[in-house]
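1. Here is a sequence with its predicted model. Questions after.
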Amino acid sequence: MLRYTTAGESHGPAIYTLLEGLPAGLSVNAESIARALARRRGGYGRSSRQGFETDAIEISTGLKGGTTLGSPLLIRIANQDNSLETKPPVHTPRPGHADLAGMMKYDTDDAGRILERASARETAARVAAGAVAAQLLHEFDIELFGHVVRIGSVAAKAGDVDDPQKIRDASPFYCLDPNADQAMRSAVDEAKERGDTLGGVVVVESSFLPPGLGSPATWYERLEGRLAQAICSIQAVKGVAFGAGFALGATPGSEAHDEIGYASGAFARATNRAGGIEGGMTNGEPLFLQATMKPLATLRKPLQTVDVKTKQPADAARPRSDVCAVPALSVIAEAVVAFEIARAMC
């Protein structure tokens, strides 16, 4: 089975990802992994850490001559900030973060022992794993594309564009609507001025998936479930939807489903409200998945909390954090979807 495991702390020496089940003979391009990690570090609204972390990678095992051996592949991503051992304890958990629940779970009064793994720094390892999976999918002409459709209350206008990758990569928000960029920038700047944060919505799509990936036979093989679990495991994600998503709950069946036709030797659907997945399987139509990210829990103007040692009211901890990480989410979501699709292909 194709799978991966991550390890390492946010401010430890490095973050690691271990991939198992890759087929032998796959060419692995380290530069493609580095490009994906650079996109994850980018986007308007990120913290100062993204300016000095280089995410230098080392592929320690599993390759010979640039191709996989079929054995586990270990990728090491160095941390420039490796101050874990010198960080003071944190006694003021942040509302909306893993801090307090983790402190209770692991019986500690130091939130720092929780946030080191709960931190979104861990997603660098997942992007690396997804970048390798994307290279496997490329062998089958399968490409995935993530982009931002909302920052706070500012929504991008939908519509077909020429050369979407060029437009997305030129946008500070990884968005396909250049007219929305300035409004998004203003929204982020205003949130920063208030000491606040912003969430948003991203889309991951692909037009090249064959029908039949996944299975209706058992619950854990249903592709929507596997993709939803992968997406919702990303830090700060609070919602996932396929196709028309939550709007289908208010739509009659006669207007909710995609009628089927046959032409030019192939089945096709007139619409794609299902988002390319029916009955736990891809149906040959484009994949369309949306993920919603809540505003980040670390605020420069902190919310109220309780000091776990004194039990007195206090301001929440304020470690370095982004004002908006939605562009990064589009890269991370693209990566975890790529891995699940590659796993289904295997």
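-> Perfect, thanks for sending it. Source: prediction; values computed, not measured.
2. switch to C-alpha atoms for all contacts and neighbour counts from now on
-> OK.
3. Can you give me the buried ones in the helix or strand containing Ser330?
-> For Ser330, the host element (DSSP states H and E) is helix 326-345. Buried residues in helix 326-345, counting neighbours by 16 or more other Cα atoms under 10 Å, are found at 326-345.
4. Stretch 234-254 too?
-> 234-237, 240-244.
5. Just the mean pLDDT for that stretch, thanks.
-> Averaging pLDDT along stretch 234-254 gives 97.
6. can you tell me which two in the buried residues of stretch 234-254 are farthest apart?
-> The two members of the buried residues of stretch 234-254 with the most space between them (Cα to Cα) are Gln235 and Ala244, at 23.7 Å.
7. Do you have the helices of the stretch 101-250 of the chain handy? List them.
-> 112-118, 123-138, 164-170, 178-194, 223-232 (DSSP state H, counting those that start in this stretch).
8. out of the ones you listed, deepest packed?
-> Ranked by mean neighbour count, the helices of the stretch 101-250 of the chain are led by helix 123-138 with a mean of 24 (mean count of other Cα atoms under 10 Å).
9. what does that helix contact?
-> Applying Cα atoms under 8 Å, 6 or more residues apart in numbering, the set of residues contacting helix 123-138 from outside is 4, 6, 15-19, 26-29, 32-34, 36-37, 40, 55, 75, 77, 143-144, 234, 331-332, 334-339, 342.
10. Determine how far it lies from the middle of the whole chain.
-> 11 Å (Cα atoms, centre = their mean, to the nearest Å).
11. what do you get for stretch 2-21?
-> Counting by Cα atoms, centre = their mean, stretch 2-21 comes out at 15 Å from the chain centroid.
12. Show me what counts as buried in that stretch.
-> 2, 4, 6, 8-20.
13. before we move on, the earlier item: save the helices of the stretch 101-250 of the chain as a markdown table, and put in distance to Gly284 too.
-> Below are the helices of the stretch 101-250 of the chain laid out as a markdown table (distance: least, Cα to Cα, whole Å):
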| stretch | distance to Gly284 |
| --- | --- |
| helix 112-118 | 36 |
| helix 123-138 | 16 |
| helix 164-170 | 21 |
| helix 178-194 | 30 |
| helix 223-232 | 13 |
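14. out of those, nearest to Ser153?
-> The nearest among the helices of the stretch 101-250 of the chain, by Cα to Cα, is helix 178-194 at 8.2 Å.
15. helix or strand for Ala268, which one?
-> Assigned by DSSP H and E, Ala268 falls in strand 266-269.
16. Moving C-terminal from that strand, which element do we reach first?
-> Criterion used, DSSP H and E; the element after strand 266-269 is strand 277-278.
17. Direction included, what does that next one pair up with?
-> Strand pairing for strand 277-278, determined by DSSP bridges: strand 281-282 (antiparallel).
18. Work out the gap between the strand it pairs with and the centre of the chain.
-> 21 Å.
19. Restricting to C-alpha, output the following helix or strand past it in PDB.
-> Per DSSP H and E, the first helix or strand lying C-terminal to strand 281-282 is strand 287-293. Extracted as PDB, the C-alpha positions of strand 287-293 are listed here (Å, rounded to 0.1, in the frame of the first residue of the first chain):
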ATOM      1  CA  LEU A 287     -12.600  16.300 -10.000                       C
ATOM      2  CA  PHE A 288     -13.800  19.500  -8.200                       C
ATOM      3  CA  LEU A 289     -13.100  19.700  -4.400                       C
ATOM      4  CA  GLN A 290     -13.400  22.700  -2.100                       C
ATOM      5  CA  ALA A 291     -11.800  23.200   1.300                       C
ATOM      6  CA  THR A 292     -12.600  25.900   3.800                       C
ATOM      7  CA  MET A 293      -9.900  27.200   6.100                       C
END
